[in-house]
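Undergrad: Sequence and computational prediction follow.
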Amino acid sequence: MIEYWNPQIERMPVDELKKVQEQKLCQLVKYVYEHSPFYKKRFDDAGVKPEDVKTLDDVTKLPFTFKKDLRDTYPTGMFCVPNNKLVRFHVSSGTTGKPTVVGYTDNDIKAWSTSLARALTSIGVGRDDVMQIGYGYGLFTGGLGMHYGAEEAGCTVLPTSSGNTERQIELMQDLGSTVIACTPSYLLFMIEAARDAGISFQDDTKLRVGVLGAEPWSEEMRKRIEDSTGIKAYDIFGTSELSGPLFTECQYQNGIHIWADQFLVEVIDPDTGEPVANGERGELVITTLVKEALPLIRYRIGDITVLNWDECECGRTHPRIMRVLGRADDMLIVRGINVFPGQVESVLMDIPEVGEHFMIIVDRVNELDIMKVQIEMTDAAFSDKVTDIMDLEKKVAAALKSVLNIAVKVELVEHGSLPRSMGKAKKVIDNRKI
Ligand SMILES: [Zn+2]
């Protein structure tokens, strides 16, 4: 039986859903124009007035917003409410420049929790579950965001935050965690640490579901995690600018449902800004329809994805974004060819002898880009003396070349020598930027 958090909204016919979006969009445009000097100026500069937006299609008249806008107006220049209406801040540390600050009204926190509660219900997580949250608590949205959503969905929350891995595993066993929420990298780290201590996730814990995200990960990595732990691993999506973790796949693991009564999704050609045809790959653009403190209009998330409005097997009518391989920001250009770290991961995880940890290193030697991938062998392949190192390196290089279309040097390194991560893993070292 399929359960819904709010069947009336989640199964609303698409034409009704679009009417709801249209009405909310018109209200939103008026609201931001009246409450935020930033948006008023941005709209005036683009020559668009709130009354120009009468239908859903009129959204394309509105100017885009970017992460840069949040940085340029640091800390709260894009906010639409005074501080006394806010109940919380989150801050994301930028690798470059100023961090971005996100503020929430009481209603914003409620909408965020509802979004996650719907998502968790769609993967069968709720009242009977103990959810261990291994996302960092604090300025990062992962921990607290998931916490409120899981409580709303009825779970018993075990707020371990990230780190202290031995204790995580001990509590997981003692308190019977059935759901783990963390980055896929951190789950891999936990699996490895448990194995070293002689503990099997499959036999010695009650874990049945992983709610994994905050970094891109591949279908092949999912298979690895599911096979080695016996859990069902679900992808989660959201960014701090939109609130934090907001959406997951449903039980069918075929795209992430975006709640269309709360968010308006477009997919555009990143170069021209024009919408791509339905089902085509493009850059994700999201408008927040119900946020009060920091609404975002046509925000360029930067993820490359495909939007799917077909009704899902689960009966939900809300559109799905297909698994995100990476952000436009993460894309490497090596000898003129676009390479996503997620593509490299897909290839590596499809080769049984290759372990889960890898590092991509890009250098420029004599004006030429050189890409190297460091890998570790799995324990099984390592103990099997028959695996020839040279052969494996050649096999991996050939597989990478066939997918990426560039020559890649593959280097097998000692087991355990690549960095492990308790949060978002760093998988690329680009020496060309230094
Ligand atoms: Zn579904």
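TA: Perfect, thanks for sending it.

Undergrad: Show me which residues of the helix or strand of the chain with the lowest mean pLDDT are buried.
TA: Sorting the helices and strands of the chain by mean pLDDT, DSSP states H and E puts helix 379-383 at the bottom, at a mean of 76. By 16 or more other C-beta atoms under 10 Å, the buried positions in helix 379-383 come out as residue 381. C-beta here means a position set from N, CA and C on the backbone, and glycine is covered the same way.

Undergrad: name the helices or strands packed onto whichever helix or strand comes after it?
TA: Once helix 379-383 ends, the next helix or strand along the chain (criterion: DSSP states H and E) is helix 389-404. Packing partners of helix 389-404 (3 or more C-beta pairs under 8 Å, 6 or more residues apart in numbering; DSSP states H and E): helix 341-349, strand 368-377, strand 408-412.

Undergrad: Alpha carbons only: can I get helix 389-404 in PDB?
TA: Extracted in PDB, the C-alpha atoms of helix 389-404 (Å, rounded to 0.1, in the frame of the first residue of the first chain):
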ATOM      1  CA  ILE A 389      47.700  -4.300 -10.600                       C
ATOM      2  CA  MET A 390      48.900  -3.300 -14.100                       C
ATOM      3  CA  ASP A 391      45.900  -5.100 -15.700                       C
ATOM      4  CA  LEU A 392      43.500  -3.400 -13.400                       C
ATOM      5  CA  GLU A 393      44.900   0.100 -14.100                       C
ATOM      6  CA  LYS A 394      44.600  -0.600 -17.800                       C
ATOM      7  CA  LYS A 395      41.100  -1.900 -17.500                       C
ATOM      8  CA  VAL A 396      40.000   1.200 -15.500                       C
ATOM      9  CA  ALA A 397      41.700   3.600 -17.900                       C
ATOM     10  CA  ALA A 398      40.000   1.900 -20.900                       C
ATOM     11  CA  ALA A 399      36.600   2.100 -19.300                       C
ATOM     12  CA  LEU A 400      37.100   5.800 -18.400                       C
ATOM     13  CA  LYS A 401      38.300   6.600 -21.900                       C
ATOM     14  CA  SER A 402      35.300   5.000 -23.500                       C
ATOM     15  CA  VAL A 403      32.900   7.100 -21.500                       C
ATOM     16  CA  LEU A 404      34.700  10.400 -21.100                       C
END
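
Undergrad: Can you show me the helices along this protein?
TA: Applying DSSP state H to the chain gives helices spanning 7-10, 14-35, 37-46, 67-72, 106-122, 141-152, 165-174, 184-196, 201-204, 219-229, 341-349, 379-383, 389-404.

Undergrad: Comparing these by mean pLDDT, which bottoms out?
TA: With a mean of 76, helix 379-383 has the lowest mean pLDDT of the helices of the chain.

Undergrad: where's residue 172 relative to residue 245, distance?
TA: Distance, residue 172 to residue 245, using C-beta to C-beta, to the nearest Å: 20 Å.

Undergrad: re the thing from before, select, out of the helices and strands packed on helix 389-404, the one closest to residue 131.
TA: Residue 131 lies closest, by C-beta to C-beta, to one member of these: helix 341-349, at 26.0 Å.

Undergrad: Can you list the neighbours in contact with that closest one?
TA: Residues from elsewhere that reach helix 341-349 (C-beta atoms under 8 Å, 6 or more residues apart in numbering): 216-221, 223-224, 325-326, 330, 332, 354, 356, 358, 360, 373, 375, 396, 399-400, 403-404, 427-428.

Undergrad: Generate a ChimeraX selection restricted to the buried entries among those.
TA: Per 16+ other C-beta under 10 Å, the buried members of the contacts of helix 341-349 correspond to this ChimeraX selection:
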select :216,217,218,220,221,224,325,326,330,332,354,356,358,360,373,375,396,399,400,404,427
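
Undergrad: is it true that residue 253 touches residue 219?
TA: No: at 9.1 Å, residue 253 does not count as touching residue 219 under the criterion of C-beta atoms under 8 Å.

Undergrad: Could you give the average pLDDT over stretch 294-308?
TA: 94.

Undergrad: Check the offset of the least confident helix or strand of the chain from the chain's centre.
TA: 32 Å (C-alpha atoms, centre = their mean, to the nearest Å).

Undergrad: Give me the contacts around that helix.
TA: By C-beta under 8 Å, 6+ apart, the residues outside helix 379-383 that reach it are 195, 352, 353, 354, 355, 387, 392, 415.
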